[in-house]
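J.: Next input, structure requested:
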Amino acid sequence: MLAVAFYALCGMLSLSYSKQLTFSDPPGGDAPWYFIRGDAIKGLCMLLYLVLCLAIGALAIRMKWPGGAAMIVFGLVWAIGPVWQLGLIYLKSDDIFDPVAARTSWLTADSYFGDPWQWGWLLLFLLAIPYAEQIKNWQRNRPSNP
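T.: Here you go, the predicted structure:
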């Protein structure tokens, strides 16, 4: 339940920042800055969400509270895509919030949305599933504190 509340808060934060940080480059411009900036803002907010879920989940596992592993899994499930996209934007673009100095290797919206690296998060997610199950088993089999 806590993961859902954090997700909603980070989603509202993302929408709020997207509305506040408007630039004069609507969809259909040269480079797809409208989408790049929106995805970067969403990625930053979901990074905050992921850090919160991982920290609270790890604390819950350590303290033997129920739901720690679920908190980590929910954080990964909902945040891995936007955080991966943020990483791609960081690697392929410079100064995205400065309309004058901004540069990117995506020159069109088609090149941005068609970039095959955008699906790399799916591979990470599929590789993380066994580790999530291992964390759950570790939480269940950990001895109680005296």
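J.: centroid residue for this structure?
T.: V83 (2.9 Å; Cα atoms, centre = their mean).
J.: Can you list the helices and strands that the helix or strand harbouring that residue packs against?
T.: Using DSSP states H and E, V83 maps to helix 68-92. On a contact count with 3 or more Cβ pairs under 8 Å, 6 or more residues apart in numbering; DSSP states H and E, helix 68-92 meets helix 2-20, helix 33-62, helix 120-141. For the C-beta atoms, the positions are set from N, CA and C on the backbone; glycine is no exception.
J.: buried stuff in the shortest one?
T.: Within helix 2-20, the residues scored as buried using 16 or more other Cβ atoms under 10 Å are A3, F6, Y7, C10, L13, S14, Y17, S18.
J.: Now for this structure, the helix or strand with the poorest mean pLDDT.
T.: helix 120-141 (a mean of 74; mean pLDDT, DSSP states H and E).
J.: Sort out which one of the buried residues of helix 2-20 lies nearest A69 for me.
T.: Closest to A69 out of those is A3 (11.5 Å), distances taken as Cβ to Cβ.
J.: how close does that closest one get to L52?
T.: The gap separating A3 from L52 is 9 Å, by Cβ to Cβ, to the nearest Å.
J.: Need the overlap of contacts for these two.
T.: G75 (Cβ atoms under 8 Å, 6 or more residues apart in numbering).
J.: Where does pLDDT dip in this protein?
T.: 1, 22-30, 132, 135-136, 138-146 (pLDDT under 70).
J.: Try it again at 90.
T.: Within the chain, the stretches with pLDDT under 90 are 1-35, 37-38, 57-58, 60-78, 80, 95-103, 107-111, 116, 118-146.
J.: Pretty sure I89 is one of the things S105 touches, is it not?
T.: No: using Cβ atoms under 8 Å, S105 is not in contact with I89, being 10.4 Å away.
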